[in-house]
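Enquirer: Fold the following and give me the result.
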Amino acid sequence: MPCTLALFTLAIGLGATLLMDGWALLRRHLLGVPALDYALVGRWVGHMPRGQFRHTAIGKAAPVAGERALGWAIHYLTGIVFAAALVTFTGSDWLWQPTLLPALLLGVGTVALPFLLMQPALGLGIAAAKTANPARARLHSLITHAIFGLGLYLTARLLAALT
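Expert: Here you go, the predicted model:
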């Protein structure tokens, strides 16, 4: 059972992150909203061993070898960690009988990470305050994280139906 629990949690995190990335592609094509460049996330994390955790403008920081791959790996690892948090908070029974509300609440709640940690550390201010259109950036972040929550639920439902 622990192996199944770990595999299901891994699959749910990957599935939810894939759905979120699908939304980012759709949003770019339909609304012209650019997706986050995960190379910049990799650059941010790549500077951390050197003691730099905050940047004035991450795009102007020195590139880091392998930053794109690192950024994407961090992105998917984060989705898996959030899935593990969901299973921890709801209990493993949620995997076999998933419900939408806990997944959606966790998904929306995860928007705190970019608002309070990533965006300020990348030089974008708290909750994208230093972007050209903070309200639009906040709305898109909120929608994207709600879609991640929906992805947690839908992936869990699919896995529960297959078992």
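Enquirer: okay, now residue 5: neighbour count?
Expert: 13 (other CB atoms under 10 Å). Any C-beta I mention is one placed from the backbone N, CA and C, and that applies to glycine too.
Enquirer: Quick check, it in contact with residue 94.
Expert: No: contact criterion CB atoms under 8 Å: residue 5 and residue 94 do not qualify, at 10.9 Å.
Enquirer: Quickly list what's touching both of those two.
Expert: By CB atoms under 8 Å, 6 or more residues apart in numbering, residue 5 and residue 94 have these common neighbours: residue 87.
Enquirer: Residue 72 versus residue 98, what's the distance?
Expert: 26 Å (CB to CB, to the nearest Å).
Enquirer: cool, and residue 91?
Expert: In terms of CB to CB, residue 91 sits 31 Å off from residue 72.
Enquirer: can you check residue 39 too?
Expert: For residue 39 relative to residue 72 (CB to CB), the value is 9 Å.
Enquirer: Who has more neighbours out of these two?
Expert: residue 39 (20 against 16).
Enquirer: correct me, but that one touches residue 65?
Expert: No: applying CB under 8 Å as the test, residue 39 and residue 65 come out as separate, 11.3 Å apart.
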